[in-house]
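In: Got a predicted structure here, sequence first:
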Amino acid sequence: MSIGLLLWLFSVSVGASALGGLLGMAGGIFIVPILTIFGHTDIHTAIGASIVSVIACSCGSAAPFLKNRLTNIRLAIVLETATTLGALTGVLLAGIIPTAYLFFLFALVLVVSAKQMMARRGESTITDTTVDSNRWSAALRLNSSYPDRILGGEISYQVQRIPLGMMLMYGAGLISALLGIGSGVLKIPAMDTALRLPIKVSSGTSNFMIGVTAAASAGAYFMRGDIVPAIAGPVALGSVAGSILGARILMVVSSDRIRVLFVVVLLLLAVQMLLSTFGIHLMGFSE
Amino acid sequence: MSMDTIKVSRFELLLAGLLKHGTWLASAIIATGLALALMQGRSGDHGSIIGSSMHIITIGIACLILLPVVRVAFMLVIFLKERDYRFAAIAAIVLTIIFAGIALGMHMAKTQAPAHSTATLPS
């Protein structure tokens, strides 16, 4: 293993996770495109390394969410049955889907993420009280509350439309396994719109679930031999460092500027991933 | 209800501690392996020692992958202790799915030789 390659992988992952961490997501969405476009890594190897980094980001950043009670643990374990099942389906599909389609799908997810980053998630304080739609959450005691410093005091919330939420989570798990991303991009809207969770609770709960979802596919990829230690090792270590760094920068930089940078990077990567679908490479070093 | 809240927040603190320390442990193992690989890379000494440093990195990665699995197993134990059998069953389902994934990976490794097993590194 060359020192240059190791340092490159490490710094790319620090950057990806720091940038992702600034907006509350894992850096996986950057790692796969960067490794395949600039490093000419095989896409399955890149996905294997990325899924390990997703676990690192999720576990490494879980503690503050848990301590502030922004993670609904009961809801998380219920939804994890759907995300892990989705991940299993994704592993099966990853073995048969042609590489070109993976690049195309990735480009699509990048565009969707960019679109979502531009439309900022608004904090809606409207809590509609449709009691009869909450049979599931009442039976499973999923409704909870969290302390909000800005609004002041305990904010209680009810979890709604669990079956729809479960279906969306299955899809999120599938995409996560297939592309090696945390797919927080898909989980958070599902939680905001279907389950109607407060924004902070959906971020905390999504972050918690991402690790288990990724572990379900990472276990399979590890056994299959898709996780190459020389690549996944520096990527995982860089991701842990990056997520810590991201949390620090978050306190001093305005998130609006980061958002613009984020969207630009996502769109650029989307264009190149789309070109890669047809085997065209504009960027990166030539071998 | 207030008793319940207190119990839950202790549960959350335990989970937070597990995930945080687990991440540090796995990262330390990976870092050790990488440091060894770098030292050997510099001295130009290839061969079995490179293999052993890769082995250490692999162990660190395996620890990282197992960390969320341990977290679910830990939740299962807590739910059982609280006699919350419905949630213990849900945690057991999640664990079963994860182990099914591992079994699936082993099966895939045996049956289909992956075309990308010899990953080409840019060097």
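Out: In hand now; what should we look at? Residues are numbered from 1 along each chain as shown, chains lettered A, B, ... in the order given.
In: drop to CA atoms for contacts and neighbour counts, all remaining ones
Out: Noted.
In: Can you give me the distance of A:Val52 to B:Ala37?
Out: Distance of A:Val52 to B:Ala37, computed by C-alpha to C-alpha, to the nearest Å: 20 Å.
In: Same question for A:Leu108.
Out: As defined by C-alpha to C-alpha, A:Leu108 lies at a distance of 37 Å from B:Ala37.
In: Spatially, what comes nearest to A:Ile51 if we skip its sequence neighbours?
Out: Leaving aside its chain neighbours, A:Ile51 sits nearest to A:Gly180 (4.6 Å; criterion: C-alpha to C-alpha, 6 or more residues apart in numbering or on different chains).
In: For the one you found, give me its contacts.
Out: A:Gly28, A:Ile29, A:Val32, A:Ala46, A:Ile47, A:Gly48, A:Ala49, A:Ser50, A:Ile51, A:Val54, A:Ala214 (C-alpha atoms under 8 Å, 6 or more residues apart in numbering or on different chains).
In: Next, count neighbours for the closest residue in space to A:Ser183 that isn't next to it in sequence.
Out: With C-alpha to C-alpha, 6+ apart as the criterion, A:Ser183 has its nearest non-adjacent residue at 5.4 Å, and that residue is A:Ser176. A:Ser176 has 30 neighbouring residues, counting by other C-alpha atoms under 10 Å in any protein chain shown.
In: Which helix or strand contains A:Ser176?
Out: Element membership of A:Ser176, judged by DSSP states H and E, is helix A:162-179.
In: Please list the residues outside that helix that contact it.
Out: A:32, A:47, A:51, A:79-80, A:82-91, A:93-94, A:102, A:106, A:136-137, A:181-183, A:186-187, A:190-191, A:194-195, A:213-214, A:217-218.
In: Just give me the neighbour total for residue 26.
Out: Reading this off chain A. 34.
In: that's the other chain; I wanted chain B
Out: 24.
In: Touching, it and B:Ile57? I think so.
Out: No: contact criterion C-alpha atoms under 8 Å: B:Ala26 and B:Ile57 do not qualify, at 9.2 Å.
In: right, and out of the contacts of A:Gly180, which lies closest to chain B?
Out: A:Ala214 (8.2 Å; C-alpha to the nearest C-alpha).
In: Is A:Leu203 in contact with A:Ala190, as I believe?
Out: Just to correct that, residue A:203 is Ser rather than Leu. No: contact between A:Ser203 and A:Ala190 fails when scored by C-alpha under 8 Å: they sit 11.2 Å apart.
In: List the residues that contact residue 99.
Out: This is for chain A. A:Ile43, A:Thr277.
In: Not quite, go with chain B.
Out: Per C-alpha under 8 Å, 6+ apart, neighbours of B:Phe99: A:Ala216.
In: List the buried residues of the helix or strand where it lies.
Out: Using DSSP H and E, B:Phe99 maps to helix B:85-111. Neighbour counts over helix B:85-111 (16 or more other C-alpha atoms under 10 Å in any protein chain shown) mark B:87-88, B:90-95, B:97-106, B:108-109 as buried.
In: Helices along the chain, start to end?
Out: All of this is about chain A. Applying DSSP state H to chain A gives helices spanning A:3-22, A:28-37, A:43-60, A:62-67, A:73-94, A:99-118, A:135-139, A:162-179, A:184-189, A:199-224, A:229-250, A:255-277.
In: Actually, chain B is the one I wanted.
Out: Per DSSP H, chain B carries helices over the ranges B:2-43, B:48-81, B:85-111.
In: JSON lines for those, including mean pLDDT and distance to A:Gly153?
Out: Listed next are the helices of chain B as JSON lines, based on pLDDT from 0 to 100; distance: least, C-alpha to C-alpha, whole Å:
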{"stretch": "helix B:2-43", "mean pLDDT": "81", "distance to A:Gly153": "15"}
{"stretch": "helix B:48-81", "mean pLDDT": "90", "distance to A:Gly153": "28"}
{"stretch": "helix B:85-111", "mean pLDDT": "92", "distance to A:Gly153": "29"}
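In: I'd like those helices as CSV, with distance to A:Met118 appended.
Out: Output for those, formatted as CSV (distance: least, C-alpha to C-alpha, whole Å):
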stretch, distance to A:Met118
helix B:2-43, 32
helix B:48-81, 32
helix B:85-111, 34
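In: hmm, stretch B:82-98 in reach of chain A?
Out: Yes: using C-alpha under 8 Å from any C-alpha of the partner chain, stretch B:82-98 reaches chain A at B:Phe87, B:Ile90, B:Ala91, B:Ile93, B:Val94, B:Ile97, B:Ile98.
In: looking at it, the first one is touching B:Phe79, isn't it?
Out: Yes: taking contact to mean C-alpha under 8 Å, the distance of 6.3 Å between B:Phe87 and B:Phe79 places them in contact.
In: separation between the residue nearest the centre of chain A and B:Leu80?
Out: Nearest to the mean C-alpha position of chain A, by C-alpha atoms, centre = their mean, lies A:Gly182 at 2.6 Å. Distance of A:Gly182 to B:Leu80, given as C-alpha to C-alpha: 29 Å.
In: Alright, that wraps it up for me.
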